[in-house]
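Visitor: Here's a sequence, model it:
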Amino acid sequence: MKITNTIKYKALKKPLVLKKRHDFCASKHPRLTVIMLHGIASSAGTYEHALIHLEKNPALADIRFITLDWLGHGKSYASKKLEYTISEQTKALNTTIKALRIDTPIILMGHSMGTILAAHFNVKYPKIAQEMILISAPIYSKKDLEDPRLEEGMKAFTAAVARYQKKFVESKQFLASMENVVKNPKNYETFASISIPTTIFYGAEDKYILPTNIRAVAKENSRIKVVKTEGKHHVSRDKYYKFDDLLLASLKKIK
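Guide: Predicted coordinates for the structure are as follows:
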């Protein structure tokens, strides 16, 4: 009998894990692992073009690239009984990393909602990753979340997603992720508490973020470096073409 995810997680009380979608290293002996985490209403496919670019660079051959789907997204486990909280997602990420038996330093790479979850993961599990690369971070303060203009912006984002994922924006995993993760009032404080070197990329044409907050949190936390590009919200060429030098510098730090 095939053991389904429902049996695993409900009957057998197995811990939740995230579905691994991509796992590649050009070298037989990786020296660094990059775990790529997507945003809301998306999947590991977010990094498709970035991976093609990065894995072609021979200078990065010693890096293992892994992509994962968050709970309720892509091919990871989904259930109406899940609340899709920051705690559920970060706990599943920690369980997944343990299961992968990674024996190299780790860099977390997150996009959009994935940046929020990566930041909370660092605060909760500060010894797992050595660095973070965060892309298009939607950092909102408590005051921002009370501003009707931000609410209108989020409605515009939902409408944009609905054009190609109408059923998904009505699902519990989308609605709960928006409320519990993206709109979490503690997010700004969490970014300010990041304890490892972190680079945040954002596009000048990105209408879903608040650049002033990204710059403000970087002023509060000296571990954060901000890089502005010309693009929009996506993991696009204007951003991932700049990852090579960052990753090469990380490789050089490893003895």
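
Visitor: Now do the same for residue 255: its pLDDT.
Guide: Reading off the confidence values, residue 255 has pLDDT 74.

Visitor: How many residues are close by it?
Guide: 4 (other CB atoms under 10 Å). (Each C-beta comes from the backbone N, C-alpha and C, glycine too.)

Visitor: try residue 65
Guide: Neighbour count for residue 65, taken as other CB under 10 Å: 23.

Visitor: which other helices and strands contact the one helix or strand it maps to?
Guide: Using DSSP states H and E, residue 65 falls within strand 63-69. Of the remaining helices and strands, those touching strand 63-69 by 3 or more CB pairs under 8 Å, 6 or more residues apart in numbering; DSSP states H and E are strand 19-24, strand 32-37, helix 48-55, helix 86-100.

Visitor: Does residue 235 belong to a helix, a strand or coil?
Guide: At residue 235, secondary structure determined by DSSP: H, G, I helix; E, B strand; the rest coil is coil.

Visitor: most tightly surrounded among the helices and strands packed on strand 63-69?
Guide: strand 32-37 (a mean of 26; mean count of other CB atoms under 10 Å).

Visitor: what's the angle between that strand and strand 19-24?
Guide: Computed with axes from the mean of the first three to the mean of the last three CA atoms, to 10 degrees, the direction of strand 32-37 lies at 140 degrees from that of strand 19-24.

Visitor: counting contacts, what elements does strand 32-37 pack onto?
Guide: The contact analysis (3+ CB pairs under 8 Å, 6+ apart) places strand 32-37 against strand 63-69, strand 106-111, helix 113-124, helix 243-253.

Visitor: in the chain, which ranges drop under the pLDDT threshold?
Guide: Along the chain, segments meeting pLDDT under 70 span 1-13.

Visitor: please redo it, this time with the cut-off set to 50
Guide: The model of the chain has pLDDT under 50 over residues 1-3, 11-12.

Visitor: what sits against residue 109?
Guide: For residue 109, the contact set (CB atoms under 8 Å, 6 or more residues apart in numbering) comprises 34, 35, 36, 37, 47, 118, 132, 133, 134, 135, 243.

Visitor: which of those residues lies closest to residue 86?
Guide: Each of the contacts of residue 109 was checked against residue 86 using CB to CB; the closest is residue 118, at 10.8 Å.

Visitor: what's around the spatially closest residue to the closest one that is not a sequence neighbour, how many residues?
Guide: Distance criterion CB to CB, 6 or more residues apart in numbering; nearest residue to residue 118, sequence neighbours excluded, is residue 110 at 3.7 Å. By the measure other CB under 10 Å, the count of residues near residue 110 is 25.
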